[in-house]
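Undergrad: Okay, sequence plus prediction incoming.
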Amino acid sequence: MLGARSSSLPLPTYHQLTFDRGLVYAARFAPDGRSIYYSASWNGEPVQLYSTLPDAPESRPLNLGNSTLFAVSASQLAISAGCKDRYIGLCQGTLGLVPLAGGTPREVADSVLAADWNVEGSEMALILQVEGKYRVEFPRGKTLYESTHPLGYLRIAPRGNAVAFVEFSSVDGDAGWVIAVDRNGKQLLRSVTFISTEGLAWSPSGEEVWVGATRTEGWANEVIGLGFNGKQRVVLRLPGILRLHDVSRDGRVLLSKESWRSGLQFRGPADKKERDLSWLDYATLRDLSTDGSLISFDDWGSAAGASGLAFLRKTDGSPAIKLGQYGEPVLSPDTKQVLASNATTVNLAGFALVPTGVGEIQKVTANGIQETASPGFMPDGKAIYYAGDDGHGWKMYIQDIPAGTPRAVTPAISVKRNHQEGHILSPDGRTFFARDLSERGGLYPLAGGEPRLIPGWLPEDIWVAWAADGRSVYVYHDDKTSAPLYQLELATGKRELITTLAPSDVAGVTTIVNVRMSADGKTYSYSFSRELSDLFLVDGVR
């Protein structure tokens, strides 16, 4: 019947606000309900702040470079000055307050990951990283929640009586759960674990927490309403990826429609330029064979769904071979098997030995280890090594395979979890590269003894590999859209620029990760992430 839908609720309407190519980091309504402020990195330029109006297609830059938006009050912006990227669109930096009319930010606090004002603009809530832990303060100075897991997307309830935020399962992913606590720290809500969480806001009434999330897809594709009675409902569902930024007092929604891809580049001795070996939508390089003929990678994107997928691919461009639902696959010295991690996004410990040809899969249990990083094989292929966190901090471990037990071989170390640093064992099998608790690069002898700090090591250095002679190493810097690659002499600290890695199209590129290089320096491969956003104003959401 023509009139059958006349009593139905009207469908939401979508109005596009941004039109450049790049990533929207955060967006908020101003208290006047009309102006919109957001931070974005457009066309390969550093992230900065903008303002716009719904009826104006142009955005006005606020001349606050390398800064992302935290919150907006009637008179000020709360920003992250000096945005240090944590995960896609999430920054850690110095909390700065700047008038809406512009000016120089007044620095307030360091190591801030999120901030929000109450409706009146008289109180502020913060997420800070303090001594390796993550802390929610509301009001400033009063700790309501603390965790070893990263926290983000902090928002104050409309009535100012509670805060909600996301607790992530790891630093290099967006799987996590939503928590709400009252002003005394009493837990009001703890959601199920979502495969992907992308943004959070309170409903206009304050009776629900809305989160961009999913339990079935690779990336968030729904806005889910979480009630304090344990019930949840789908508020909005879109095809593809979405990120929830804000909800106004009258129920309008700011969200971005996302397109996220990971590229995989390779160059061998005979190649005049890099070749594209990307696969599916989010293939991330994990390893390069010694002779440069084979790469291993995983995919955690929309194609893989709720679990990761591991692959092998010959560098001649042959189609990739799927190994199964695994993550972070690294090649054995003879390339006959890979060491891969559990493929779930919320249980990061435990390995499997997966044959690259005929053979049986063997499980490897890392007893007592909660999270792992930088895995690899010992030279004889009979044992593995990895950085492991047993709940009391990170150390390097060696474990016989398949049924050995982990044994620590270093004192406490730190890891660069959002960059998988591979091939950290020296060619003679006697020394590991690792970082101390101050994140200084050093060489740690397996036989015991004091580590030796690497002369000339810089805070921005990211490990690539040992050179063939064992007297120098390769390192690079992740400058988001490019990556200078250096050879560093271990005795003197002298460094030489070898090349600069960069995709030809830098729009939306946010990071260059997992650079792998052959010991002779003639072959390399790497991945880069490209995140593209379109910001929308949505009306009619209920």
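TA: Now that the structure is in, tell me what you want to look at. Numbers count the residues shown, from 1 in each chain.

Undergrad: Pass me the low-pLDDT residue ranges in the protein, would you?
TA: 1-8, 344-349 (pLDDT under 70).

Undergrad: Quickly list the domain ranges of it.
TA: When the chain is parsed with automatic domain parsing, its domains come out as 13-259+532-539, 270-531.

Undergrad: In CSV: these, plus mean neighbour count.
TA: (Each C-beta comes from the backbone N, C-alpha and C, glycine too.) Listed next are the domains of the chain as CSV, based on neighbours: other CB atoms under 10 Å:
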stretch, mean neighbour count
domain 13-259+532-539, 19
domain 270-531, 18
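
Undergrad: From V473, how far off is L425?
TA: 12 Å (CB to CB, to the nearest Å).

Undergrad: Now for those two: what residues contact both?
TA: Common neighbours of L425 and V473, counting by CB atoms under 8 Å, 6 or more residues apart in numbering, are W466.

Undergrad: what's D246 in contact with, if anything?
TA: Applying CB under 8 Å, 6+ apart to D246 gives the contacts A27, R28, F29, A201, V253, L254.

Undergrad: how much space between the closest residue in space to L188 that isn't next to it in sequence and Y87?
TA: Leaving aside its chain neighbours, L188 sits nearest to A180 (4.5 Å; criterion: CB to CB, 6 or more residues apart in numbering). As judged by CB to CB, A180 and Y87 stand 22 Å apart.

Undergrad: What of A164?
TA: 19 Å.

Undergrad: ditto for I512
TA: From I512 to Y87 the distance is 15 Å (CB to CB).

Undergrad: same thing with P46?
TA: Counting by CB to CB, the gap from P46 to Y87 is 18 Å.

Undergrad: next one: phi and psi at the closest residue to P379 other than its chain neighbours?
TA: Among residues not flanking P379 along the chain, G429 sits closest, at 4.5 Å (CB to CB, 6+ apart). Torsion angles at G429 (phi, psi; degrees, to the nearest 10) stand at phi 70, psi 20.

Undergrad: Would you check that G429 makes contact with F377?
TA: No - G429 is not in contact with F377 according to CB atoms under 8 Å; the separation is 10.3 Å.

Undergrad: Okay, and the closest residue to N514 other than its chain neighbours sits in which element?
TA: Nearest non-adjacent residue to N514, counting by CB to CB, 6+ apart: L285, 4.7 Å away. Per DSSP states H and E: L285 is located in strand 283-288.

Undergrad: Show me what that strand pairs with in its sheet, parallel or antiparallel.
TA: Its sheet considered, strand 283-288 pairs with strand 294-299 (antiparallel) by DSSP bridges.

Undergrad: after the partner strand, next one along is what?
TA: Trace forward from strand 294-299 with DSSP H and E and the next one is strand 309-314.

Undergrad: roughly how far is that following strand from the heart of the chain?
TA: 22 Å (CA atoms, centre = their mean, to the nearest Å).

Undergrad: what helices or strands is that strand leaning on?
TA: When contacts are defined as 3 or more CB pairs under 8 Å, 6 or more residues apart in numbering; DSSP states H and E, strand 309-314 sits against strand 294-299, strand 321-324, strand 326-331, strand 337-342.

Undergrad: Tell me which strands the second one pairs with, and in which orientation.
TA: Here strand 321-324 is paired, per DSSP bridges, with strand 309-314 (antiparallel).

Undergrad: Put the alpha carbons of the strand it pairs with into CSV.
TA: C-alpha atoms of strand 309-314 as CSV (Å, rounded to 0.1, in the frame of the first residue of the first chain):
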residue,chain,number,x,y,z
LEU,A,309,44.1,-13.6,8.4
ALA,A,310,47.7,-14.6,7.6
PHE,A,311,49.2,-14.9,4.1
LEU,A,312,52.3,-15.7,2.2
ARG,A,313,53.2,-14.1,-1.1
LYS,A,314,56.1,-14.5,-3.5
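
Undergrad: got a list of contacts for it?
TA: 277, 279-280, 283, 293-299, 303, 319-329, 338, 340, 343, 354, 356.

Undergrad: From S529, how far out is the most centrally placed residue in the chain?
TA: Taking CA atoms, centre = their mean, the centroid of the chain lies closest to Y87, which sits 2.7 Å from it. With the distance defined as CB to CB, Y87 ends up 10 Å from S529.

Undergrad: Same question for S248.
TA: Counting by CB to CB, the gap from S248 to S529 is 31 Å.

Undergrad: do the same with A434
TA: 25 Å.

Undergrad: Which residues does the strand holding L285 contact?
TA: Strand 283-288 is contacted by residues 262, 264, 294-300, 311, 320, 328-331, 338, 420, 422, 513-514, 516-518, 523-527 when judged by CB under 8 Å, 6+ apart.

Undergrad: Okay, angle between it and strand 337-342 too, please.
TA: Between strand 283-288 and strand 337-342, the angle comes out at 140 degrees (axes from the mean of the first three to the mean of the last three CA atoms, to 10 degrees).

Undergrad: any idea of the angle strand 283-288 forms with strand 326-331?
TA: 30 degrees.

Undergrad: roughly how far out does strand 283-288 sit from the chain middle?
TA: 16 Å.

Undergrad: go on, stretch 248-255?
TA: 27 Å.

Undergrad: Next: stretch 513-532.
TA: On CA atoms, centre = their mean, the centre of stretch 513-532 falls 18 Å from that of its chain.

Undergrad: What of stretch 106-124?
TA: On CA atoms, centre = their mean, the centre of stretch 106-124 falls 23 Å from the chain's centre.

Undergrad: The closest residue to A303 other than its chain neighbours: what's it in contact with?
TA: Distance criterion CB to CB, 6+ apart; nearest residue to A303, sequence neighbours excluded, is L280 at 4.0 Å. For L280, the contacting residues are D299, G301, A303, A304, L309, by CB under 8 Å, 6+ apart.

Undergrad: can you do 7 Å?
TA: Neighbour list for L280: D299, G301, A303 [criterion: CB atoms under 7 Å, 6 or more residues apart in numbering].

Undergrad: so the second one makes contact with D281?
TA: Yes - the criterion here is CB atoms under 7 Å, and G301 meets it with D281 at 4.1 Å.

Undergrad: Could you give the bridge partners of L244?
TA: L255.

Undergrad: Return the distance of Y386 relative to I398.
TA: Counting by CB to CB, the gap from Y386 to I398 is 9 Å.

Undergrad: oh sorry, the question was meant for D110
TA: 37 Å.

Undergrad: Likewise for G508?
TA: 40 Å.

Undergrad: Look up how far E489 lies from G470.
TA: 11 Å.

Undergrad: what's the answer for D174, then?
TA: Distance of D174 to E489, computed by CB to CB: 39 Å.

Undergrad: got the residue ranges for the strands in the stretch 401-542 of the chain?
TA: 407-408, 431-435, 441-445, 452-453, 462-466, 472-476, 483-489, 495-501, 509-517, 524-539 (DSSP state E, counting those that start in this stretch).

Undergrad: cool, and the stretch 51-200 of the chain?
TA: For the stretch 51-200 of the chain, the strands defined by DSSP E, counting those that start in this stretch occupy 60-65, 67-72, 76-87, 90-99, 106-117, 124-130, 133-137, 143-147, 151-156, 162-168, 176-182, 187-190, 196-202.

Undergrad: All good on my end, thank you.
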